[in-house]
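**Student:** Whatever this is, show me its structure:
(2 chains)
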Amino acid sequence: MNANAASDKITINGVVFNAIPDARPVTVDGQDTIVKLFAARCKELGSRTAHREKDFGIWKAYTWGDYWTHAKWIGMALRKLGLQRGECVSILSEDRKEWAYFDLGIQAVGGIASGVYTTDSAAQLAYLLKDSDSRFLIVENEEQLDKFLEIEGEVPGVLKVIILEDEGLHDLDHDRCIFIEELYDIGRQADAAEPGTFDAEVEKSRPEDTALLIYTSGTTGMPKGAMLSNENIMAAITAGAHGLPAKPEDEQLCFLPLCHILERDVSIYFPLAAKCTVNFAESPETVFDNLQEVSPMTFTAVPRVWEKIYSRVLILAQEATWFGRASFHLALKAGQKRTKALMEKGSVPAGTALNYWVWDQLVLKNLRRMLGFDRMRRGGTGAAPISPELLKWYWSIGVPLVEGYGMTETAGIATINTPDENKVGTIGKPVPGVHVRIADDGEIQTKGLNNFQGYWRNNEKTAETFTDDGWLRTGDVGRVDDDGYVTITGRLKDIIITAGGKNITPAEIESRLKFSHYINDAVIIGDKRKYLTALIMIDQENVEKYAQEKKVPFSDFASLCRAAQVQDLIRQEVEQVNKEFARVEQIKDFRLIDVLLTAEDEELTPTMKLKRGFVEKRHKPLIDDMY
Amino acid sequence: MSDKPLLEVRNLETFYGPIMAIRGVSLEVHKGSVVTVLGANGAGKTTLLKTISGIMDPEKGEILFQGKHIEGWEPHKVVRAGIVHVPEGREVFPLLTVEENLNLGAYTRSDKSSIAKDKELVFEYFPILAERRNQEAGTLSGGQQQMLAIGRGLMLSPEIMLLDEPSLGLSPLLVQEIFDILKRLNKDEGVTMMLVEQNASAALNLADQGYVMELGRIVMNGSSARLKESEDIKSFYLGHTEEGARGEKRWKRKKTWR
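**Tutor:** Numbering: from 1, shown residues only, chains lettered A, B, ... in the order given. Coordinates of the predicted model:
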């Protein structure tokens, strides 16, 4: 990291980045903080569309100018109401343009933005507000407001609650609650009274300031607030732009929770650099329709969503005429042949390419249009392991889907595959500016300017997370191959030591199980026990479909799990996985979790991953039954 | 209750043109029991009954009645097998008298003396029908027409009655009265019933078992007692409101069906 290096610049799609990504200061178009970049973009792009949101069924556009004005009113109003630089503000809402307005409005006046999942309970909200010492809370609607009202006595530090939707709340009379329009009015007046103050506040931001707090869902213990600085995010933006470039005319769809670093990067921070347009999905339920309407150029999702789309296509194909089915089958074959050549040899023979071109024109193009993938340049997946077969399937229908890896503590990005440099089954190469090493115990450790500052008011945990020489312990175990691609094999903490004294990394077996279309998630049990067993959460949709096809009668979810044929189906899947592992790593028995878990349940993280600790506690009878 | 169900539906799928109204429903009705199917408008409850009684043909799946496959049978054959369908909205013959309506219910039977006995039984349970036996059915009140429709069904001396929303459009008092009679019919005469209802509290009080349908699927099932305790049933079907911090709570909890 020599001092001169920062002056070397490269231009990617019209945006100037540091040529050496880990050179300080990290700048994007000459700006070294998120809000300075935001200010520059809004001035430059004024009347161009920044966001789109659906209002009564019609997509409406909102400009960069709107973005700036609203963020300014928010920032000025919060400042007027008592927000000091370095204090936190919590946002409890589904994705919508106001989420972005608040995120940047808060940061512009030196506040720290912290997201809360809408699925969190009142008690969890209380914990997050207290831990972050939030001065303000933004709530989306009355449902979320009720959570606050339940615990308002516990959080005297919250000065005001700002409500985005007034539906059903016209009679509300509460001295700590105000509606967003009132907040805008306060901001408008404050701005008129002190013109230029907002711009001055933006100028005060420094790369080392904490910009956001992201609570890690944590599969064990209470959530910890990871502090990410301006520099961390600027480094992530730079890394993203090097590896996954976006263009100003790109359209994106925002639908994963913005509280999560992945969607936050992709839908708020990366677009600040790339100048692209973000479309907010109406609700988690309408994502597939919205996807078709927007037809994004880049689309980042979690494996669960890619699974769902795959299942939909299979159902569509099944319901088609025999002619439709046959052509889909042949088209897919042509695609698979091309994918195989591409992945094994790196190039496609002319005959294969021609064959693919024909089928693409006849079938695959239409399929992609039906899915909303017709303009897609690149699909991304992260936050959980994805099946290599699924990745290849997407390539075969003409969707270049690549897997990446990151965590909150690395500002969301650490390694990625790109459409040009892609090794299926790995999490890709370290992004520019990030260095990766494997410690003696197999742990993946990273270093880069994107590595977070530490946990909010928790020096002990921060110290545990960094090595003595300043590398970040990811907690993941893995390896790096000769070409530099990283593969994850498990979680360090989750290592199971069986009664026989054998060390086993359950994550590897669990992710193999998850690759089955019939299994949503699984937890391997076996610590200090004679053999391994598994608790399995089945994929409701696919298993129901299977049962329906095989004429297995079932009524509710529990009876579906009980059905002998379903048990047999899962047993086959488990045996399939067992074949790939050594004798001590065999799953001897399993039980299905027969309640349909939702994100509100403690056993699941907001990204719908099973939490080992909670699962082991909650389903103890099932586990005991297996030993 | 015997082990083998009287009526068994397995993986039923039924379409209205391109629209899949029933997406794989399986359920069981045991002899002598009352089973209720709850659900909102458009859940597929009526379609389910129509498919069982043969008015609609299933695309997939099986219907077993006394161990015999009856899916796809013509409605008149289904009636002869002993399944009677009391349709939604009563559908009595308005220009025929009460007695003629009842006689039509016994159309498939020939044994005069037992028909007469059954008619007496109907009159015993619904005395108002005896009083008005010569009146045109169209001039009866809604509640009386419902009684007539049930009575007409009983005239078949059925193995099972499929009742489609007997409470529809009736005052709470009348609903109470009709459900009391249904209860007696079940307890004293051993009539097996499959009851489709939107009035969940009346239905759960009457039934032994319940199924909840949503969008053509069963989302929950169990004994009536268990369903009555479920938080989801309470808030979505029994109209209980949870007390929020503001005294009222307009938004609904998410359904989990446990």
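**Student:** Please count neighbours and contacts with C-alpha atoms only from this point.
**Tutor:** OK.
**Student:** Poorly predicted segments of the chain, please.
**Tutor:** No chain specified, so I'll use chain A. A:1-6, A:217-221 (pLDDT under 70).
**Student:** try again with chain B
**Tutor:** For chain B, the ranges with pLDDT under 70 are B:1-2, B:241-252.
**Student:** top helix in it by residue count?
**Tutor:** Using DSSP state H, we find that the single longest helix of chain B is helix B:172-189.
**Student:** swap in chain A?
**Tutor:** Assignment by DSSP H gives helix A:322-344 as the longest helix of chain A.
**Student:** Which helix or strand contains the residue lying closest to A:R512 once chain neighbours are set aside?
**Tutor:** For A:R512, ignoring the flanking residues on the chain, the nearest one in space by CA to CA, 6 or more residues apart in numbering or on different chains is A:V577 at 6.4 Å. Taking DSSP states H and E as the definition, one finds A:V577 inside helix A:564-578.
**Student:** got a list of contacts for that helix?
**Tutor:** A:509, A:512-513, A:516, A:518-519, A:543, A:547, A:552, A:560-561, A:585-587 (CA atoms under 8 Å, 6 or more residues apart in numbering or on different chains).
**Student:** Of those residues, which pair is most distant in space?
**Tutor:** Greatest spatial distance among the contacts of helix A:564-578 (CA to CA): A:V552 and A:E585, at 31.6 Å.
**Student:** among the contacts of helix A:564-578, who's most crowded?
**Tutor:** A:L513 (27 neighbours; other CA atoms under 10 Å in any protein chain shown).
**Student:** quick one, domains of chain A?
**Tutor:** Here the domain parsing of chain A from automatic domain parsing is A:31-205+A:247-283, A:299-446, A:495-626.
**Student:** Show me the helices in the stretch 451-600 of chain A, by range?
**Tutor:** A:459-465, A:506-514, A:540-549, A:557-562, A:564-578 (DSSP state H, counting those that start in this stretch).
**Student:** Quick check: which of the ones you listed is buried the most?
**Tutor:** The highest mean neighbour count among the helices of the stretch 451-600 of chain A, using mean count of other CA atoms under 10 Å in any protein chain shown, belongs to helix A:506-514: a mean of 23.
**Student:** and that one, what other elements does it pack with?
**Tutor:** Under the contact definition 3 or more CA pairs under 8 Å, 6 or more residues apart in numbering or on different chains; DSSP states H and E, helix A:506-514 sits against strand A:486-491, strand A:519-525, helix A:564-578.
**Student:** mind putting these in a markdown table, distance to A:T118 included?
**Tutor:** Output for the helices and strands packed on helix A:506-514, formatted as a markdown table (distance: least, CA to CA, whole Å):
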| stretch | distance to A:T118 |
| --- | --- |
| strand A:486-491 | 27 |
| strand A:519-525 | 22 |
| helix A:564-578 | 33 |
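**Student:** of all these, which lies closest to A:L81?
**Tutor:** strand A:486-491 (44.5 Å).
**Student:** can you list the residues that contact the closest one?
**Tutor:** Strand A:486-491 is contacted from outside by A:415, A:425-430, A:475-481, A:505-508, using CA under 8 Å, 6+ apart.
**Student:** please redo it, this time with the cut-off set to 10 Å
**Tutor:** The contact list for strand A:486-491 (CA atoms under 10 Å, 6 or more residues apart in numbering or on different chains) reads A:385, A:405, A:415-417, A:423-430, A:436-438, A:442-444, A:474-481, A:504-511.
**Student:** Tell me how far that strand lies from the chain's centre.
**Tutor:** 18 Å (CA atoms, centre = their mean, to the nearest Å).
**Student:** And stretch B:86-104, by the same measure?
**Tutor:** Centroid separation between stretch B:86-104 and its chain, computed with CA atoms, centre = their mean, is 17 Å.
**Student:** ok, back up a step: kindly export the helix holding A:V577 (C-alpha atoms) in CSV.
**Tutor:** The C-alpha trace of helix A:564-578 is given here as CSV (Å, rounded to 0.1, in the frame of the first residue of the first chain):
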residue,chain,number,x,y,z
ALA,A,564,-44.0,-42.9,4.7
GLN,A,565,-43.2,-42.2,1.0
VAL,A,566,-41.9,-38.7,2.0
GLN,A,567,-39.7,-40.2,4.7
ASP,A,568,-38.4,-42.7,2.0
LEU,A,569,-37.8,-39.9,-0.4
ILE,A,570,-35.7,-38.0,2.1
ARG,A,571,-34.0,-41.2,3.2
GLN,A,572,-32.9,-41.7,-0.5
GLU,A,573,-31.6,-38.1,-0.6
VAL,A,574,-29.7,-38.7,2.7
GLU,A,575,-28.2,-42.0,1.4
GLN,A,576,-27.2,-40.2,-1.8
VAL,A,577,-25.3,-37.7,0.3
ASN,A,578,-23.8,-40.4,2.5
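**Student:** What about A:E44, how many residues nearby?
**Tutor:** Around A:E44 there are 12 residues (other CA under 10 Å).
**Student:** Show me what the helix or strand where it lies packs onto, helices and strands only.
**Tutor:** Using DSSP H and E, A:E44 sits within helix A:34-45. Packing partners of helix A:34-45 (3 or more CA pairs under 10 Å, 6 or more residues apart in numbering or on different chains; DSSP states H and E): helix A:64-80, helix A:97-108, helix A:197-204, helix A:230-243, helix A:270-274.
**Student:** Hmm, A:R562 is touching A:F554, no?
**Tutor:** Yes: counting by CA atoms under 10 Å, A:R562 touches A:F554, with 8.7 Å between them.
**Student:** on that earlier part again, can you add distance to B:P94 and give the domains of chain A back as CSV?
**Tutor:** Compiled in CSV, the domains of chain A are given as follows (distance: least, CA to CA, whole Å):
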stretch, distance to B:P94
domain A:31-205+A:247-283, 46
domain A:299-446, 44
domain A:495-626, 39
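**Student:** And B:L238, how far from chain A?
**Tutor:** Using CA to the nearest CA, to the nearest Å, we find B:L238 at a distance of 20 Å from chain A.
**Student:** Run a quick neighbour tally on residue 131.
**Tutor:** Went with chain A since none was named. 14.
**Student:** I was after chain B.
**Tutor:** By other CA under 10 Å, the residues close to B:E131 number 11.
**Student:** pretty sure it contacts B:L140?
**Tutor:** No: shown here, B:E131 and B:L140 do not form a contact pair, counting by CA under 10 Å, at 11.5 Å.
**Student:** How about the contacts made by A:K447?
**Tutor:** Taking CA under 10 Å, 6+ apart, one finds A:22, A:410, A:414, A:433-437, A:466, A:469-473 in contact with A:K447.
**Student:** Swap in 7 Å and give it another go.
**Tutor:** A:V434, A:H435, A:V436, A:W471, A:L472 (CA atoms under 7 Å, 6 or more residues apart in numbering or on different chains).
**Student:** what do you get for A:P284?
**Tutor:** By CA under 7 Å, 6+ apart, the neighbours of A:P284 are A:F255.
**Student:** Phi, psi for it please.
**Tutor:** Main-chain torsions, A:P284, degrees, to the nearest 10: phi -60, psi -30.
**Student:** Same check on the one 4 residues further on?
**Tutor:** The phi and psi torsions at A:F288 (degrees, to the nearest 10) take the values phi -70, psi -40.
**Student:** what does the one 3 residues further on give?
**Tutor:** The phi/psi pair for A:L291 (degrees, to the nearest 10) reads phi -60, psi -40.
**Student:** For the residue nearest to it when sequence neighbours are not counted, give me its contacts.
**Tutor:** Nearest non-adjacent residue to A:L291, counting by CA to CA, 6+ apart: A:G372, 5.3 Å away. Contact partners of A:G372, counting by CA under 7 Å, 6+ apart, are A:L291, A:Q292, A:E293, A:S295.
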